[in-house]
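J.: sequence and predicted structure below; questions after.
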Amino acid sequence: MLRLLGILVTLVAAIGAAVLTWPQFFRLEQTFPFAQIVSLRGVVVTACAVLAVVMLLLCLIRPMRAFAASVLVIAVVTGVINGGILFTRGTGESSLTTPGEEAIRVMTWNTAGAATDASIIAKTAVAMQVDIVALPETSIETGTEVAVLMREMGRPMWAHHEDFGDQAGYEEWDANSTSLLISPDLGDYAVVESESAGTSNTSQVPSVVAMPVDGEGPIVVAVHAVAPRAAHMAAWRADLQWLADQCAADDVIMAGDFNATVDHMERLGVDDATLGRCRDATTATGNGGVGTWSTEWPALLGAPIDHVLATDAWTATGSVVLDSLDGSGGDHRPVVVQFERAR
């Protein structure tokens with residue numbers, strides 16, 4: 001009886017490991033709780049390592065040897081596969097190449113409202129020589145202050161924003177607002193009118209869609225999708241689909257807090273792209289496995305949910321995830337990507 005129970009537990013463990021490692025195969029990557037677990041592959045690798053050590057010790061007990069050895073193999077294989085996925089997506093490139101004449105740099109940083117000082121945001125953006133700054137959870141007042149500070153540092157910006165006010169239930173903090181800064185060098189931009197009903201914007205927290213006034217240059221989307229909490233799973237899935245739909249034109253750049261990893265986006269890409277027609281820049285440049293949330297965890301244990309994506313009009317030539325700012329107040333790490341015009 002105990003042997004049969006051991007076999008049953010081993011089979012369940014093997015199936016569970018397969019689902020947690022590649023939920024896309026089972027079409028569960030957007031389903032609670034698998035969506036949450038697959039976001040933390042670094043934690044899965046660590047848990048597998050701990051489990052492997054425990055099973056190795058249990059192998060010393062003769063009656064449990066067969067069961068422990070079976071679970072040990074499952075833990076090792078699962079850990080190796082998840083670690084390999086992280087490694088292939090990139091675990092930390094930290095430099096950007098010298099930008100060419102047509103290069104642009106894009107930064108996204110979920111600032112957690114007033115938790116991150118405007119001067120830190122401005123200094124970081126200027127130091128990284130960025131042309132586009134997506135700031136989820138940032139009021140237009142703070143966004144404007146950042147733009148003014150950047151102008152005083154010699155890098156002027158136009159500030160745009162979208163605000164849901166008190167309609168989304170986040171009126172007590174700045175999650176109801178997203179700001180977008182764009183360099184005048186890219187031309188004049190206007191924000192596309194949207195609404196908080198979710199039909200022409202993300203559902204619970206706002207995104208910003210900015211179009212070039214003269215039709216020249218990329219459509220720029222500052223992204224904030226709702227977090228995939230148990231009560232908001234349907235809204236989160238709708239947000240990802242809406243964002244995929246925004247990446248249908250030839251020339252689009254998206255940046256922000258997607259509250260999703262590339263695993264969650266896999267079925268939403270077109271022609272092998274990541275989301276709609278956009279491709280994830282950090283995965284292409286060696287940082288796709290680096291966690292951007294939460295700053296309280298080591299980067300390789302965190303969830304890579306902040307992204308910069310672009311269509312084939314742009315080629316990503318480098319990226320950095322700035323973990324040197326973990327003590328600045330917010331719970332997300334800034335991501336900076338450099339693009340060159342595709343030839």
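T.: Nice, I can see it.
J.: check contacts around Gly217.
T.: Neighbouring residues of Gly217 by Cβ atoms under 8 Å, 6 or more residues apart in numbering: Leu186, Gly187, Tyr189, Asp251. In short, each C-beta sits where N, CA and C put it, glycine included.
J.: try 6 Å
T.: Leu186, Gly187 (Cβ atoms under 6 Å, 6 or more residues apart in numbering).
J.: secondary structure class for it?
T.: Three-state secondary structure (criterion: DSSP: H, G, I helix; E, B strand; the rest coil) places Gly217 in coil.
J.: quick one: it from Val252, how far?
T.: As judged by Cβ to Cβ, to the nearest Å, Gly217 and Val252 stand 11 Å apart.
J.: neighbours of Thr97, how many?
T.: When neighbours are defined as other Cβ atoms under 10 Å, Thr97 has 11 of them.
J.: part of a helix, is it?
T.: No - secondary structure assignment places Thr97 outside any helix; it is coil (three-state DSSP).
J.: give the contact list for it.
T.: Neighbouring residues of Thr97 by Cβ under 6 Å, 6+ apart: Thr317, Gly318.
J.: from Thr292, how far off is it?
T.: Noted for Thr97: a distance of 22 Å to Thr292, by Cβ to Cβ.
J.: ditto for Ala159
T.: Plainly put, Ala159 is 23 Å away from Thr292 if you go by Cβ to Cβ.
J.: between those two, which is the more surrounded one?
T.: The residue with more neighbours, out of Ala159 and Thr292, is Thr292; 28 against 21, by other Cβ under 10 Å.
J.: ok, now which ones touch that one?
T.: Contacts for Thr292 were tallied using Cβ under 6 Å, 6+ apart; they are Pro304, Ile305, Asp306, His332, Arg333.
J.: next: Pro228.
T.: With contacts defined as Cβ under 6 Å, 6+ apart, the neighbours of Pro228 are Ala35, Trp236.
J.: ok, now the one 4 residues further on?
T.: With contacts defined as Cβ under 6 Å, 6+ apart, His232 is in contact with Val226.
J.: tell me, how many residues neighbour the residue lying closest to Ser39 once chain neighbours are set aside?
T.: Spatial nearest neighbour of Ser39, chain neighbours left out: Ala303 (4.2 Å); criterion: Cβ to Cβ, 6 or more residues apart in numbering. Around Ala303 there are 21 other residues, counting by other Cβ under 10 Å.
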